[in-house]
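Engineer: Need the 3D shape of this:
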Amino acid sequence: FLFTFGWLSTAALAEIAIPDLGRRGDVPEGLTVTFSAQLRQAVSQAGLSVNPAELVTEGIAGSLDPFYTALTARLLGTRYALSGEIAATGGSENMFTVSLLLVDAEQDRHSDLISRPLPLQELTAVARELAREIVSFSDLMSASLPAGDAGLFISSEPGGATVLINGVEVGRTGELDL
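Structural biologist: Predicted coordinates:
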């Protein structure tokens with residue numbers, strides 16, 4: 001199925017959707033816009049084409065939910081998408097925390113939560129550091145997972161817990177040889 005809307009045709013060329021981040025607490029609205037723009041620029045300079053995801057609302061952008069982040073990528077025709085927020089730390093009016101989640105919609109995989117201190121005087125440096133992590137994530141996700149056997153170690157306290165894999169009981173902790 002092919003859409004021919006003008007805004008979608010340019011979005012399909014981008015590799016990652018990066019909307020303006022959400023905010024939590026007493027965060028100036030201009031900070032999220034400024035930092036998001038710096039992050040998009042740093043990611044672009046690091047080698048990924050960026051869709052600014054202008055249609056994504058602050059609530060969705062700041063959700064840090066893999067489902068909504070992947071939905072953003074699918075709707076905008078990008079392989080990767082980012083959601084995140086800037087939060088007030090409560091200690092200083094010049095110090096915040098940025099938290100990001102990256103999703104590879106093609107592989108149905110996502111990063112762990114990435115959080116960094118965000119001092120106002122270091123916005124550009126933090127954006128560059130996060131851009132390197134974003135590009136590393138995309139490089140890692142584009143690599144194929146090796147085929148073959150894998151091991152799984154499961155323990156519990158107390159022992160003897162039932163272990164299910166894909167809904168099928170495979171044994172109890174302390175008695176497994178997977």
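
Engineer: can you tell me how far the residue nearest to the spatial centre of the chain sits from Ile18?
Structural biologist: Nearest residue to the geometric centre of the chain (CA atoms, centre = their mean): Leu102, 1.6 Å. From Leu102 across to Ile18, the span is 10 Å (CB to CB, to the nearest Å). For the C-beta atoms, the positions are set from N, CA and C on the backbone; glycine is no exception.

Engineer: isn't Pro52 right up against Leu39?
Structural biologist: No. With contact defined as CB atoms under 8 Å, Pro52 does not count as touching Leu39 (10.5 Å).

Engineer: any common contacting residues for Leu102 and Ile18?
Structural biologist: With contacts taken as CB atoms under 8 Å, 6 or more residues apart in numbering, Leu102 and Ile18 have Ala81, Leu82 as neighbours in common.

Engineer: Tell me where the model's unsure across the protein.
Structural biologist: By pLDDT under 70, the low-scoring segments of the chain are 1-13, 141-153, 175-178.

Engineer: can you give me the helices in it?
Structural biologist: Assigned by DSSP state H, the helices in the chain fall at 6-11, 29-45, 58-61, 66-76, 123-142.

Engineer: ok, and what's touching the shortest one?
Structural biologist: Residues from elsewhere that reach helix 58-61, judged by CB under 8 Å, 6+ apart: Pro19, Asp20, Leu21, Gly22, Arg23, Thr32, Ala53, Tyr68, Thr72, Ser83, Gly84, Glu85.

Engineer: Return the member of the residues you listed nearest to His110.
Structural biologist: Ser83 (9.6 Å; CB to CB).

Engineer: didn't the closest one look like it was pressed against Ser99?
Structural biologist: No. Under the criterion of CB under 8 Å, Ser83 makes no contact with Ser99, lying 9.3 Å away.

Engineer: So for the two, which sits in the more crowded spot?
Structural biologist: Neighbour totals were compared for Ser83 and Ser99, and Ser83 leads with 28 against 19 (other CB atoms under 10 Å).
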